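Participant: Would you be able to build a 3D model of this:
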Amino acid sequence: MPISFKHKGGRVSSAKAMTSAMQRDIEQGIERTFQNAASSVGARTRKTSKGLEVEGSPEQMARLMKRLGK
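Facilitator: Residues are numbered from 1 along each chain as shown. Prediction:
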């Protein structure tokens with residue numbers, strides 16, 4: 001008896017696929033939150049092979065760290 005799940009409109013038929021789909025959604029949510037926080041303080045973000053890189057003045061970096069600490 002096969003088991004299938006529905007996650008965000010798509011059917012998932014194995015636990016491994018469900019795990020990877022949920023992990024991808026969580027990572028995208030974290031990146032989106034981080035990019036929104038960086039843009040609100042005036043810093044620029046870039047997605048590279050190392051991850052997200054943030055560019056800005058020391059004041060902007062301090063405000064970003066304070067904002068992420070909440």
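
Participant: same for the helix or strand where R24 lies, what does it pack against?
Facilitator: Take DSSP states H and E as the rule and R24 turns out to sit in helix 15-41. Contacts defined by 3 or more CB pairs under 8 Å, 6 or more residues apart in numbering; DSSP states H and E place helix 15-41 against strand 5-7, strand 10-12, strand 44-48, strand 51-55, helix 58-68. The way it works is simple: take the backbone N, C-alpha and C, and place the C-beta from them, glycine included.

Participant: Quick check: E53 touching A43?
Facilitator: No - in this structure, E53 is not within contact of A43 by CB atoms under 8 Å, at 10.2 Å.

Participant: before we move on, the earlier item: for the helices and strands packed on helix 15-41, give me a markdown table that also has mean pLDDT and mean neighbour count.
Facilitator: Putting these into a markdown table (pLDDT from 0 to 100; neighbours: other CB atoms under 10 Å) gives the following:
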| stretch | mean pLDDT | mean neighbour count |
| --- | --- | --- |
| strand 5-7 | 77 | 11 |
| strand 10-12 | 82 | 12 |
| strand 44-48 | 92 | 12 |
| strand 51-55 | 90 | 12 |
| helix 58-68 | 91 | 13 |
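
Participant: Tabulate those in CSV, adding columns for distance to S20.
Facilitator: Listed next are the helices and strands packed on helix 15-41 as CSV, based on distance: least, CB to CB, whole Å:
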stretch, distance to S20
strand 5-7, 10
strand 10-12, 9
strand 44-48, 20
strand 51-55, 19
helix 58-68, 26
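
Participant: Looking at those, which is nearest to A37?
Facilitator: helix 58-68 (5.1 Å; CB to CB).

Participant: And the contacts of the closest one?
Facilitator: With contact meaning CB atoms under 8 Å, 6 or more residues apart in numbering, helix 58-68 is reached by F34, A37, A38, S40, V41, G42, A43, V54, G56.

Participant: Name all residues that make contact with the fourth one.
Facilitator: S40 is in contact with R67, counting by CB under 8 Å, 6+ apart.
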